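Peer 1: here is a sequence with its predicted model. Questions after.
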Amino acid sequence: QVQVVESGGGLVQPGGSLGLSCAASGFTSDNYFIGWFRQAPGKEREGVSCVSYNDGSTYYANSVKGRFTISRDNAKNTVYLQMNSLKPEDTAVYYCAVASSSCNGAFGPWGQGTQVTVSS
């Protein structure tokens, strides 16, 4: 059974950096996609970034392009999200999830989420 666990959230000042990790397990092949999503209070969940475990191709939402970097370590079955130049509007609970078809496909299961707060 596929499972994902997020870690690495916290409190950071505007302009600062934070790294998130998504440890995945239970896969039977390398043909899957890991996505990072976030949900701020009172807002809908939005896609942030996604990576193909097979070929490493990536996707970024326009709001984070140039500031966030997604990467993978296949040996550790872990996907990372490096977040730089953080803004207060990046404050949200960040989740990772798995899709088997593409970064535009259906994601699940979901991790428990990790809180990221950007505030002075």
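Peer 2: Happy to help now that I have it. As the structure is a prediction and not an experimental result, all values here were calculated from the model.
Peer 1: quick check: Q115 is in a strand.
Peer 2: Yes. Q115 forms part of a strand when assessed by DSSP: H, G, I helix; E, B strand; the rest coil.
Peer 1: list the contacts for the residue nearest to it when sequence neighbours are not counted?
Peer 2: Ranked by C-beta to C-beta, 6 or more residues apart in numbering and with sequence neighbours excluded, the top spatial neighbour of Q115 is G9, at 4.7 Å. In short, each C-beta sits where N, CA and C put it, glycine included. G9 is in contact with L18, L20, V93, Y94, T114, Q115, V116, T117, counting by C-beta atoms under 8 Å, 6 or more residues apart in numbering.
Peer 1: could you do V51 as well?
Peer 2: F33, I34, G35, S57, T58, Y59, I70, S71, R72, V79, C103.
Peer 1: among those, which are located in strands?
Peer 2: Using DSSP state E, F33, I34, G35, T58, Y59, I70, S71, R72, V79 are the members of the contacts of V51 that sit in strands.
Peer 1: nearest to S49 among those residues?
Peer 2: I70 (4.3 Å; C-beta to C-beta).
Peer 1: bridged to the residue nearest to that closest one when sequence neighbours are not counted, which residues?
Peer 2: Nearest non-adjacent residue to I70, counting by C-beta to C-beta, 6+ apart: S49, 4.3 Å away. The partner list for S49 in beta bridges (DSSP bridges) reads W36, Y60.
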